[in-house]
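In: Please work out how this folds:
(one chain, ligands or ions: 1)
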Amino acid sequence: MVSPVAAFARMGEENAFAVLARANALAAQGRDIINLGIGQPDFRTPEHIVEAAVKALRDGHHGYTGALGILPLREAVARRILRREGVSVSPERIAIMPGGKPAMFAAILMLGAPGVEILYPDPGFPIYRSMIEFTGATPVPIPMLEENGFAATARQVLALMTAKTRLVILNSPANPTGGVMPAAEVAALAHGLEAYPEAALLSDEIYDEMTYDGETHNSFIRFPALAERLILLNGWSKTYAMTGWRLGWSVWPAQLISAVNKLAVNSWSCVNAPAQHAAIAALDGPQDAVAMMMAAFDRRRLLVTLLLNTLPGVSCIMPKGAFYAFPSITQTGWKSKPLASELLEKAGVALIGGPDFGVHGEGYIRVSYANSEAAIEEAVERIKIFLQTKEKNI
Ligand code: PLP
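Out: I've put the predicted structure just below:
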């Protein structure tokens, strides 16, 4: 008998993948499944990005690269940050990784240990808590409340800080809620964190291009006082519809970058070379495909929120970012997970129960609107019929 070391018993999972597998299995049996479960754009990667990868292969870029990524790509990321945020970052502090996820893995592994506290959003991306538990650190949830538009407030975060806080994790625009932290809160928190020089901040800004209604994304990288302890997570997956390419970038404090390099050398060695060339084309090339995708997401956002609010017992605030709606379902009489599971099995609609993102997600479900308007309309109609006839189903 072999078994992994004890820490693996504390490591969690991401239920969105289990729901995707179940949805695919049902579809393979011939069931008509509408997938509003998985968090990935339904668009194809823009053609010029695909072409850049093909060309890179043809040009012979198929070998190992430096562990933190090829310099032209790290420079392209630095240019993007300068263009967008007006902040100059040395490419030396930028790491290219196989996805955005490895950056949170690395950050939490590096800073988490028994005896330290790590703050994280709840409901939030499930890997934060999973990795905190893995390291033996104490997870301290920051409740993401509907009355705050599902965004963290500076007051809330600062009230949870102690002498043991080693890392604060924030995510705006947010998965699973679509919440966006207002500029004033970001500034107040950046200022408040100056009183805690031992605490690092992991700001997951992977949805930074995805804000609506004139809402702006407010990056923590704009605050020089945090530069020595800010880990900024971002990547190509969402903005450029590149989830399966496994590409992400992150900016690290100078003191941590050699540990990131070691982690890369000890695990993935480097991100696959042609993908890195495609990533340059994504950042430096035309952005009209991004604008097209965002316009489509915006239409779907308005549609899905309008329709969800017509369902009996369901209420949904207008999400301001990402591509998720997070309706409250408490008045339907259902708990979140049984409802999500029954909707998949009985109505053929895949969604994720709020508790898969933390205890504060109970009473909600996550609806990813990365699907066509027709699919959204059909899915909500199926949910309506299900809710109206639910007594018959119980
Ligand atoms: N951060 C958040 C908040 C996410 O929602 C996701 C993906 O769903 C990631 C990070 C990971 O992205 P990637 O697929 O690039 O690893």
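
In: CA only for contacts and neighbour counts going forward, please
Out: OK.

In: what about the residue of the stretch 101-250 of the chain found nearest the ligand, neighbour count?
Out: Closest approach between the stretch 101-250 of the chain and the ligand, counting by C-alpha to the nearest ligand atom: Lys101, at 3.8 Å. The local packing of Lys101 (other C-alpha atoms under 10 Å) involves 20 other residues.

In: Which strands border the helix or strand harbouring Leu167, and is each parallel or antiparallel?
Out: Under the criterion of DSSP states H and E, Leu167 resides in strand 165-171. Within its sheet, strand 165-171 is paired with strand 117-122 (parallel), strand 200-204 (parallel), according to DSSP bridges.

In: from the ones you listed, which stretch is densest packed?
Out: Comparing these on average neighbours per residue, with mean count of other C-alpha atoms under 10 Å, the densest one is strand 117-122 at a mean of 26.

In: check whether that one contacts the ligand.
Out: No. Contact of strand 117-122 with the ligand (C-alpha under 6 Å from any ligand atom) is absent, the minimum separation being 10.2 Å.

In: and the residue lying closest to Cys270 once chain neighbours are set aside, how far is that from the ligand?
Out: Leaving out its chain neighbours, the residue that sits closest to Cys270 by C-alpha to C-alpha, 6 or more residues apart in numbering is Ala67, at 4.5 Å. For Ala67, the distance to the ligand equals 17 Å [C-alpha to the nearest ligand atom, to the nearest Å].

In: unless I'm mixing things up, Ala67 is touching Asn272, no?
Out: No. At 10.4 Å, Ala67 does not count as touching Asn272 under the criterion of C-alpha atoms under 8 Å.

In: Show me what stretch 344-356 is in contact with.
Out: Under the contact criterion C-alpha atoms under 8 Å, 6 or more residues apart in numbering, stretch 344-356 has outside partners 14-16, 19-20, 23, 31-38, 123, 126, 176, 326, 336-340, 343, 360-368, 379, 382-383, 386.

In: Give the PyMOL command for selecting the buried subset of those.
Out: In PyMOL, this line selects whichever of these come out buried by 16 or more other C-alpha atoms under 10 Å:
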select buried, resi 15+16+19+20+23+33+34+35+36+37+38+123+126+176+326+336+337+339+340+343+360+361+362+363+364+365+366+367+368+379+382+383+386
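
In: thinking again about what came up before, and the strand holding Leu167, how far out from the chain's middle?
Out: Computed by C-alpha atoms, centre = their mean, to the nearest Å, the chain-centroid distance of strand 165-171 equals 15 Å.

In: taking the mean pLDDT, what do you get for that strand?
Out: Strand 165-171 shows a mean pLDDT of 98.

In: Any buried residues in that strand, and which?
Out: So for strand 165-171, counting by 16+ other C-alpha under 10 Å, buried means 165-171.

In: go on, stretch 277-284?
Out: Residues 277-283 are the ones in stretch 277-284 that count as buried (16+ other C-alpha under 10 Å).

In: before we move on, what about stretch 18-30?
Out: Residues 19-20, 22-24, 26 are the ones in stretch 18-30 that count as buried (16+ other C-alpha under 10 Å).

In: got it, and stretch 97-108?
Out: Buried, per 16+ other C-alpha under 10 Å, within stretch 97-108: 97-104, 106-108.

In: then whichever helix or strand comes after the strand holding Leu167 to PDB, C-alphas only?
Out: The helix or strand immediately downstream of strand 165-171 is helix 183-192, counting by DSSP H and E. The C-alpha trace of helix 183-192 is given here as PDB (Å, rounded to 0.1, in the frame of the first residue of the first chain):
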ATOM      1  CA  ALA A 183     -11.200  52.100  -6.500                       C
ATOM      2  CA  ALA A 184     -11.700  53.800  -3.100                       C
ATOM      3  CA  GLU A 185     -11.600  50.400  -1.300                       C
ATOM      4  CA  VAL A 186      -8.500  49.300  -3.200                       C
ATOM      5  CA  ALA A 187      -6.700  52.600  -2.300                       C
ATOM      6  CA  ALA A 188      -7.900  52.400   1.400                       C
ATOM      7  CA  LEU A 189      -6.700  48.800   1.700                       C
ATOM      8  CA  ALA A 190      -3.300  49.500   0.000                       C
ATOM      9  CA  HIS A 191      -2.800  52.300   2.500                       C
ATOM     10  CA  GLY A 192      -4.000  50.300   5.500                       C
END
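
In: Does anything pack onto helix 183-192? Which helices or strands?
Out: Using 3 or more C-alpha pairs under 8 Å, 6 or more residues apart in numbering; DSSP states H and E as the contact criterion, the neighbours of helix 183-192 among helices and strands are helix 154-160.

In: Can you tell me what sits against the helix it packs on?
Out: Residues contacting helix 154-160 (C-alpha under 8 Å, 6+ apart): 119, 140, 142, 185-186, 188-189, 192-193.

In: Quick check: mean pLDDT of that helix?
Out: 98.

In: Tell me how far that helix lies from the chain's centre.
Out: Put simply, helix 154-160 sits 22 Å off its chain's centre (C-alpha atoms, centre = their mean).

In: Likewise for stretch 205-216?
Out: Distance, centroid of stretch 205-216 to centroid of chain: 13 Å (C-alpha atoms, centre = their mean).

In: and that stretch, which residues are buried?
Out: Using 16+ other C-alpha under 10 Å as the test for burial, stretch 205-216 gives 205-212, 216.

In: so which of the buried residues of stretch 97-108 comes closest to Val260?
Out: Using C-alpha to C-alpha, the shortest approach to Val260 within the buried residues of stretch 97-108 belongs to Ala106, at 6.9 Å.

In: sorry, back to before: could you export the buried residues of strand 165-171 as a markdown table, including distance to the ligand?
Out: Listed next are those as a markdown table, based on distance: C-alpha to the nearest ligand atom, whole Å:
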| residue | distance to the ligand |
| --- | --- |
| Thr165 | 21 |
| Arg166 | 20 |
| Leu167 | 16 |
| Val168 | 14 |
| Ile169 | 11 |
| Leu170 | 9 |
| Asn171 | 6 |
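
In: Flag every buried residue along stretch 77-85.
Out: With the criterion 16+ other C-alpha under 10 Å, stretch 77-85 contains buried residues 77-81.

In: rewinding a little: could you dump the buried residues of strand 165-171 into a markdown table with distance to Ala259 added?
Out: Formatted as a markdown table, the buried residues of strand 165-171 follow (distance: C-alpha to C-alpha, whole Å):
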| residue | distance to Ala259 |
| --- | --- |
| Thr165 | 20 |
| Arg166 | 17 |
| Leu167 | 16 |
| Val168 | 19 |
| Ile169 | 19 |
| Leu170 | 22 |
| Asn171 | 23 |
